[in-house]
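J.: Sharing a sequence plus its predicted fold:
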2 protein chains.
Amino acid sequence: MKVPLHIVSARREKLAAWLQQRSYVPLNEVCERFQVSEATARRDLAALASGNQILRTHGGALADFNHRFPSFIERQRMDQAAKQSIARKACKLIQAADACFFDAGTTIYAIAEELQRAPITPLTAITNSLPVAELLAPVEGISVHLLGGEVLPRQSALLGRAARLALDSYKIDQAFLSVEGANAEGLWNSEQEVVDLQKGLIAAARQTIVCLDASKLGRTAPAFLARWKQINILVTDADSGTLRDAGIPAHLL
Amino acid sequence: MKVPLHIVSARREKLAAWLQQRSYVPLNEVCERFQVSEATARRDLAALASGNQILRTHGGALADFNHRFPSFIERQRMDQAAKQSIARKACKLIQAADACFFDAGTTIYAIAEELQRAPITPLTAITNSLPVAELLAPVEGISVHLLGGEVLPRQSALLGRAARLALDSYKIDQAFLSVEGANAEGLWNSEQEVVDLQKGLIAAARQTIVCLDASKLGRTAPAFLARWKQINILVTDADSGTLRDAGIPAHLL
DNA sequence: CGTTTTACGATTGACTCCAATCATATCCGG
DNA sequence: CCGGATATGATTGGAGTCAATCGTAAAACG
């Protein structure tokens, strides 16, 4: 039974839109939703796929999605073991009812993942990282606050004047910061905007906790963040000998 | 042949990372890539799936993007055609170089989707909706600003005092608002917190644009938002006869 | 070092998915 | 109004997938 052309294309547009929302839809659900046979559903999917609108899979189809945080996720997969070990140590520093700030780095994100796995509640989480906010927002007992500001797409983080100002409205017990480099002089990061915010955090937080994976030791970066004596606690996967050799002062070992 | 634990977990991490990049990977490719049997590949996928890192499908596995805003996405599916038609009309009201505020409703999210599909650049997008921010942040030429505040998990939106205060730092040309109900008296929404923020927006924005799908006509909700004369433009899928019957004043038809 | 645990591959039978083919009913152009 | 084009559904053979089970060998543990 041939059907008018506009019906067909309307159905395919709906299908494409539906896929955008659902990301993955198995074939049989397509059949149900549009009341068509398997064959027709397959043909519709094939048509959309040939127009690069979707991605076919076995048994269904996939929205050709804008990956949400591509660059972020890519970085996230590096040194995953080290990050996880750091995350576990960091979580031991958190106590129920604390107000913790979580910076916008992949190491810090690992802490949030650990918190999601094994929540410490109640907790107030303050962050400028969209991925962290998303991860922790649904967790029962954790109240998540986002700083305002401009969204930097590459970092998926909020920065700028608005973010710095927003800091003033919070009382922060612990600030978890990540850095790009650490040597005898102190701590370094790659972007001035990030450093500006972090300086505000160091000033505002009761305790400043720097999370550092061993690969960052001895490296520097364009923007200087802070001297070691401004830091209260260092969480790292490097052993104390390596840290001493890199010139980290004794009170952090 | 049992294999050391670190080998196994390393392989699974690699697999997870690979999936993130490829979004969909069929089983047989997993076997080839890691030189393991079908059974082992299946076990690896099952392990990752049980940890919510991926989504299994027939014949393979899927990177898990969409577990982020479950409740939001669910609502998003309703009345999809109406929302899309509203979105297209709304986008025609936007001009390059405008500063637009996007509210945290599913109807408004549809506008953001339309903007992503057919960007109007340059544009400043200000929002309190996490999904909108994520959607628009990667779009070239659109600069995205998030209000600060507490994250409401169910709405994936930012609310509270911090959000209201943040409004003051922006000059907003157009504010796109969504409502839960509309009758002759005016506009209604379900949560007082939402209404408080929206009132601030109406005061701050040069133009207030309300997006209303026909199903909301004649309904009320617990919190009163605004009278019709405070609204500049109404975007809806209902025809003007229905609107007149519902008591919408003539200047909005 | 001996025992237990567990990661692996192979096999099996049931099930699902797919591409191709065909008849049919409807639309579309002339 | 008629003939060609085409969207659809049914069928079918073949390929792919799945869950379960089992034996094995190596790691982990005491």
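T.: Cool, the structure landed. Residues are numbered from 1 along each chain as shown, chains lettered A, B, ... in the order given.

J.: When you work out contacts or count neighbours from here on, use the C-alpha atoms and nothing else.
T.: OK.

J.: Report the beta-bridge partners for A:G60.
T.: A:P26, A:T57 (DSSP bridges).

J.: That one touches A:L27, doesn't it?
T.: Yes. The criterion here is Cα atoms under 8 Å, and A:G60 meets it with A:L27 at 4.4 Å.

J.: How about the contacts made by A:L217?
T.: By Cα atoms under 8 Å, 6 or more residues apart in numbering or on different chains, A:L217 lies in contact with A:181-183, A:243, A:246.

J.: Run through the bridge partners of it.
T.: Applying DSSP bridges, one finds that A:L217 bridges with A:A182.

J.: where's it relative to B:P26, distance?
T.: 40 Å (Cα to Cα, to the nearest Å).

J.: Then A:Q20?
T.: Counting by Cα to Cα - A:Q20 and B:P26 are separated by 21 Å.

J.: Report the spatially closest residue to A:H145, excluding sequence-adjacent ones.
T.: B:E150 (4.2 Å; Cα to Cα, 6 or more residues apart in numbering or on different chains).

J.: Assumed the one you found was part of a strand.
T.: Yes. Using DSSP: H, G, I helix; E, B strand; the rest coil, the assignment for B:E150 is a strand.

J.: so it sits right up against A:I142, yeah?
T.: No. Using Cα under 8 Å, B:E150 is not in contact with A:I142; the gap is 10.9 Å.

J.: between these two, which one's more packed in?
T.: Neighbours of B:E150 and A:I142, each counted by other Cα atoms under 10 Å in any protein chain shown, are more numerous for B:E150; the result is 24 against 21.

J.: Identify the bridge partners of the closest residue in space to A:E180 that isn't next to it in sequence.
T.: Leaving aside its chain neighbours, A:E180 sits nearest to A:N189 (4.8 Å; criterion: Cα to Cα, 6+ apart). With DSSP bridges as the criterion, A:N189 is bridged to A:A223.

J.: quick one, what contacts A:N189?
T.: A:179-181, A:195, A:220-225.

J.: and those as CSV, adding neighbour count and distance to B:T106?
T.: Formatted as CSV, those follow (neighbours: other Cα atoms under 10 Å in any protein chain shown; distance: Cα to Cα, whole Å):
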residue, neighbour count, distance to B:T106
A:V179, 24, 37
A:E180, 20, 39
A:G181, 24, 42
A:V195, 19, 36
A:T220, 19, 45
A:A221, 15, 42
A:P222, 12, 42
A:A223, 18, 41
A:F224, 20, 43
A:L225, 24, 41
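
J.: Those: which two are farthest apart?
T.: Maximum pairwise distance among the contacts of A:N189 (Cα to Cα): 13.3 Å, between A:V195 and A:T220.

J.: quick one, phi/psi of the residue in the stretch 101-250 of chain A positioned nearest to chain B?
T.: Nearest to chain B, among the residues of the stretch 101-250 of chain A, is A:G148, at 3.6 Å (Cα to the nearest Cα). The phi and psi values for A:G148, taken as degrees, to the nearest 10, are phi -90, psi 180.

J.: give me the number of residues near the closest residue to it other than its chain neighbours?
T.: Take A:G148 and drop its neighbours on the chain: the residue closest to it by Cα to Cα, 6+ apart is B:G148, 3.6 Å away. For B:G148, the count of nearby residues is 30 (other Cα under 10 Å).

J.: any idea how far A:E140 is from B:G148?
T.: 21 Å.

J.: show me what contacts A:C211?
T.: A:86, A:90, A:107-108, A:176-179, A:234-236.

J.: Check the secondary structure at it for me.
T.: strand.

J.: Grab the nearest non-local neighbour of it.
T.: A:V235 (4.8 Å).

J.: mind checking which helix or strand that neighbour is in?
T.: Assigned by DSSP states H and E, A:V235 falls within strand A:233-236.

J.: Next one: the residue nearest the centre of chain A from DNA strand C, what distance?
T.: By Cα atoms, centre = their mean, the mean C-alpha position of chain A lies nearest to A:P131, the distance being 3.2 Å. Between A:P131 and DNA strand C the distance is 30 Å, computed by Cα to the nearest atom of the strand, to the nearest Å.

J.: Which positions in stretch A:48-55 come out as buried?
T.: By 16 or more other Cα atoms under 10 Å in any protein chain shown, the buried positions in stretch A:48-55 come out as A:48-49, A:53-55.

J.: just the residues you listed now: which is nearest chain B?
T.: A:L55 (8.5 Å).

J.: Quick check, that closest one in contact with A:V25.
T.: No. Between A:L55 and A:V25 there is no contact under Cα under 8 Å: 10.8 Å.

J.: list the contacts for the residue nearest to the centre of chain A?
T.: Counted by Cα under 8 Å, 6+ apart, A:P131 has contacts A:109, A:156.

J.: circling back to that earlier point, when A:Q20 and B:P26 are compared, which one has more neighbours?
T.: A:Q20 (19 against 15).

J.: The more buried one should be in a helix, yeah?
T.: Yes. Per three-state DSSP, A:Q20 lies within a helix segment.

J.: May I ask you to confirm that it is in contact with A:A63?
T.: Yes. Applying Cα under 8 Å as the test, A:Q20 and A:A63 come out as touching, 5.2 Å apart.

J.: before we move on, back to that, need the max-distance pair from the contacts of A:C211.
T.: Longest span within the contacts of A:C211, Cα to Cα: A:A90 and A:V179, 15.0 Å.

J.: Include distance to A:I120 and pLDDT when you put the contacts of A:L217 into CSV, please.
T.: Converted to CSV, these look like this (distance: Cα to Cα, whole Å; pLDDT from 0 to 100):
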residue, distance to A:I120, pLDDT
A:G181, 30, 90
A:A182, 30, 92
A:N183, 33, 90
A:L243, 30, 86
A:A246, 34, 84
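
J.: will you turn those residues into TSV that also has distance to DNA strand D?
T.: As requested, the contacts of A:L217 are exported to TSV (distance: Cα to the nearest atom of the strand, whole Å):
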residue	distance to DNA strand D
A:G181	33
A:A182	33
A:N183	35
A:L243	28
A:A246	32
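
J.: low-scoring stretches of chain A, by residue?
T.: A:21, A:52, A:64-81 (pLDDT under 70).

J.: how about the strands in the stretch 1-150 of chain A?
T.: Using DSSP state E, counting those that start in this stretch, the strands of the stretch 1-150 of chain A run over residues A:24-26, A:54-57, A:60-63, A:99-102, A:123-127, A:142-146, A:149-152.

J.: tell me what the host helix or strand of A:L165 is packed against?
T.: In this structure, A:L165 sits in helix A:161-167 according to DSSP H and E. Of the remaining helices and strands, those touching helix A:161-167 by 3 or more Cα pairs under 8 Å, 6 or more residues apart in numbering or on different chains; DSSP states H and E are strand A:149-152, helix A:192-204.
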